[in-house]
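Participant: task: produce atomic coordinates for the following.
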Amino acid sequence: MARRSGSQTREAIRGAATRLFTERGYAHTSVRDIASLAETDPALVIRHFGSKELLFLDTMHLSIDDEPLLDVPLAELGTRFVEVLLDSDSRSRAIYLAMVQGSGNPQIAARLRDTHENSFVRPLRARMSGADAEERARSAAALVGGLLYALWVVGDQSLAEDRSGLVERYGALLQQLLTP
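Facilitator: Reported below is the predicted structural model:
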């Protein structure tokens, strides 16, 4: 095998870590596993990233792409948001699950809180008005978090059997919080 540059090794480690963290989760992925898949030495994983935790934080990013939601009037956002959420790709689901599984680690829990705040609560809050907008945005985040938990962590397939009914019901609940 030809010798790789430091940046090539770093990218190989990053790719291997992304794959393993999304497939196995944080707890079931070791530095040795990552190094083996990247075809490098475990010491290089630590040299390049500092620790397994820092590598996880470097590779696992979850954001709710609200670009398709920017053009939706606030009065229609509840239903549209649930539709976008249900159409999320498997990579988003895998990253969410890896972050939830790793949330016992303080650094990963902090990333999860940051993602919750900056990717969900703040963008919603910015579109809302009223003295209680902050509380409603946080309640909306909790409602959506509960849906993600039921679908992606618990795997409640019966909840998702009637997609249009789920969009209608959850969209209405979310809309009540957004525009009471």
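Participant: could you list the low-pLDDT ranges of the chain?
Facilitator: Applying pLDDT under 70 to the chain flags residues 1-2, 62-70.
Participant: please parse it into its domains.
Facilitator: The record's domain parsing of the chain by automatic domain parsing lists 6-59, 67-178.
Participant: give the other helices and strands that the longest helix belonging to the chain contacts.
Facilitator: Determined from DSSP state H, the single longest helix within the chain is helix 6-24. Applying 3 or more CB pairs under 8 Å, 6 or more residues apart in numbering; DSSP states H and E, we find helix 6-24 packed against helix 31-38, helix 42-49, helix 52-59, helix 90-101. Every residue, glycine included, has its C-beta placed from N, CA and C.
Participant: okay, angle between it and helix 52-59 too, please.
Facilitator: 90 degrees (axes from the mean of the first three to the mean of the last three CA atoms, to 10 degrees).
Participant: buried ones in helix 6-24, by neighbour count?
Facilitator: 9-10, 12-14, 16-22 (16 or more other CB atoms under 10 Å).
Participant: same check on stretch 97-116?
Facilitator: 97-102, 105, 108, 111-112, 115-116.
Participant: who's in contact with the nearest residue to Thr40 once chain neighbours are set aside?
Facilitator: Residue nearest to Thr40 in three dimensions, not counting chain neighbours: Thr9, with 5.6 Å by CB to CB, 6 or more residues apart in numbering. The contact partners of Thr9, by CB atoms under 8 Å, 6 or more residues apart in numbering, come to 38, 40, 44, 48.
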